[in-house]
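Peer 1: Sequence and predicted structure, then a few things I'm wondering about:
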Amino acid sequence: MHHKPARKITFPALAVALCAVLLAACEKSTQLEDIREAGSLRVITRNTPTTFYQDRNGDTGLEYELSKRFADSLNVELDIQSADTVESLYQQLSSSDGPDLAAAGLTVNPERQEQIRFATPYLQVTPQVVYRRGSSKPRKLADLYGQRLMVLKGSTLADELRGLQAEHPELEFEESDNVEVVDLLRMVNDDEIDAAVVYSNELVVNQAFYPAVSVAFDLGPEQPMAWALKQHADTTLLDAVSAFFAKIKDDGTLDQLIERFYGHSDVLDYVGARAFAEHMQSRLPRYESFLRQAGEQYGLDWRLLAAMAYQESLWDESARSATGVRGLMMLTLPTAKFVGVTNRVDPQQSIMGGARYLVWVRDQISTDIPEPDRTWFALASYNVGLGHLEDARKLTEKNGRDPNRWIDVKDFLPLLQKKQWYTQTRYGYARGSEPVHYVQNIRRYHDILQWVTQPQSESRQQSTGQYSAPGILEQLPEGI
């Protein structure tokens, strides 16, 4: 019996095999693999109302919500941090051990593209020069000569102004890294500076806090806003970001988030903002304990109830409409009876009754509708009735839109005023524009109340007896 001789392995073959193993072991992992192995996505942002902040319910803001969804899509935790300045944000992002990406309301900046790579844009914003109502309105760059003009240091807007100085050598401006956009708007509002340059989305979200601030003119065309990543030969993270934004654009999530944070932001004009500020000081404290009590009892945010009460009655317990609804929550007689209210002008009864009725209405609405849309639907029903809301939802679905999203249904509610549409419904005609304005106003008031009752603001309110928010509760200029 003959045995087949063993195969002889030569030294060169062994060396090649060992090198292959070593090369495979030493092959560098991708950015995306590193993030998944670490189990967290490190995101740097800015602490502003348009990006990221904390309220009593935790972290919120458009950039936070987008970042959280992206981290979830990667099955990792979100590790979010905020930079004190735009310049610091870029420096940290560029460092070798810095965050994975910046989600901070940044516009695509050609001046930064040697160190920074911008991802798929997700929002278009317009650079705007803002000034204080009552002062001379600038209409062009030449009108800003000799004016005190300020912009955030390190921002794309600062780079743009520097570029404009070539044609406008008399244009001077100040860059500051000691302020955020909210500070610039406050300084314009309070006449500390003559003008500032900000983006349209930043102004619209903060307009109610700074009612004396107005747009002078657009500095240029719309600009794309995008996340920023460090320059890297590996594109796996960039590709993942692009795929994420493509998905949330296609499924409507991006539109819904933009509507949630921006879709109701411009409902307050100067007069309305000033009145709300004054009433927050003079009237709200009388009812706050009742609102908090009702919120706790019915599992509602007391500030949402406060916003409802302001929309209904301007926090006037003796309010009465031509149709006979009365009190802080403007309850009808049948509704008051249904929720056990015996005296509609008693503020505690009215608030409790309104909260009880809102919860009852919300409970009639499908739990398939996610929050916060289910609450917006409940508010619309509180105003116009469940039947008309269902009619609008059916019209929405019939026309290829999503009946479970407020962003879609609010487009069809006003159609209930038109014969060609309401004749297709079960409950017929309704003043469908009213619930849309009703919900949008309440959302805006609620936003302001959330901002002024942040823990740091509320501690001051407890010591002074007054709510305080930069701008809106300061003494506004007379004669405007």
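Peer 2: Okay, I see it.
Peer 1: Give me the nearest residue to the spatially most central residue of the chain, chain neighbours excluded.
Peer 2: Most central residue of the chain, judged by C-alpha distance to the mean C-alpha position with CA atoms, centre = their mean, is residue 261 at 2.9 Å. Of all residues beyond its chain neighbours, the one nearest residue 261 is residue 62 (4.5 Å), with distances taken as CB to CB, 6 or more residues apart in numbering. Glycine gets a C-beta too; all of them are placed from N, C-alpha and C.
Peer 1: so that neighbour makes contact with residue 258?
Peer 2: Yes. Using CB atoms under 8 Å as the test, residue 62 is close enough to residue 258 to be in contact (7.2 Å).
Peer 1: what are the ranges of the strands in this structure?
Peer 2: Counting by DSSP state E, the segments of the chain that form strands are 40-45, 53-55, 58-60, 77-82, 101-102, 116-118, 123-125, 127-132, 149-152, 174-176, 195-199, 213-218, 223-225, 228-230.
Peer 1: now, of those strands, which is deepest in the fold?
Peer 2: strand 101-102 (a mean of 27; mean count of other CB atoms under 10 Å).
Peer 1: any idea how far that one is from the chain center?
Peer 2: Using CA atoms, centre = their mean, to the nearest Å, the distance from the centre of strand 101-102 to the centre of the chain it belongs to is 18 Å.
Peer 1: Who are the packing partners of it?
Peer 2: Strand 101-102 is packed against strand 40-45, helix 86-94, strand 228-230, with contacts defined by 3 or more CB pairs under 8 Å, 6 or more residues apart in numbering; DSSP states H and E.
Peer 1: need the least confident one among the strands of the chain, by mean pLDDT.
Peer 2: Considering the strands of the chain one by one, the lowest average pLDDT is found for strand 53-55, at a mean of 67.
Peer 1: List the residues that contact residue 143.
Peer 2: The neighbourhood of residue 143, defined by CB atoms under 8 Å, 6 or more residues apart in numbering, consists of 136, 216.
Peer 1: repeat for residue 342
Peer 2: Applying CB under 8 Å, 6+ apart to residue 342 gives the contacts 336, 349.
Peer 1: And the one 3 residues further on, by the same measure?
Peer 2: The neighbourhood of residue 345, defined by CB under 8 Å, 6+ apart, consists of 317-318, 326-327.
Peer 1: Just the buried ones from those residues?
Peer 2: For these, a neighbour count by 16 or more other CB atoms under 10 Å gives the buried set as 317, 326-327.
Peer 1: quick one on the thing from earlier: so which of residue 62 and residue 258 has more stuff around it?
Peer 2: Shown here are residue 62 and residue 258; by other CB atoms under 10 Å, residue 62 has more neighbours (24 against 16).
Peer 1: Enumerate every residue touching the more buried one.
Peer 2: By CB under 8 Å, 6+ apart, the contact list for residue 62 reads 50-51, 105, 257-258, 261-262.
Peer 1: Name the spans of the stretch 1-150 of the chain whose pLDDT lies under the cut-off.
Peer 2: Screening the stretch 1-150 of the chain residue by residue with the criterion pLDDT under 70, one finds the ranges 1-27, 54-58.
Peer 1: Sorry, slip of the keys, the one I care about is the stretch 151-300 of the chain.
Peer 2: Of all residues in the stretch 151-300 of the chain, those with pLDDT under 70 make up the ranges 264-270.
Peer 1: Pop the domain breakdown of this structure in here.
Peer 2: Following the assignment in automatic domain parsing, the chain carries domains at 31-120+226-262, 127-221, 270-464.
Peer 1: gap between the two ends of the first one?
Peer 2: The one in question is domain 31-120+226-262. The first residue of domain 31-120+226-262 is 33 Å away from its last residue (CA to CA, to the nearest Å).
Peer 1: Excluding chain neighbours, what is closest to residue 375?
Peer 2: Once its chain neighbours are removed from consideration, residue 375 has its nearest residue in residue 362; the separation is 6.7 Å (CB to CB, 6+ apart).
Peer 1: distance of the one you found from residue 410?
Peer 2: Relative to residue 410, residue 362 is positioned 17 Å away (criterion: CB to CB, to the nearest Å).
Peer 1: what does residue 129 give?
Peer 2: If you measure residue 129 against residue 410 using CB to CB, the figure is 32 Å.
Peer 1: My guess is residue 202 contacts residue 181. True?
Peer 2: Yes. Counting by CB under 8 Å, residue 202 does reach residue 181; the two are 4.6 Å apart.
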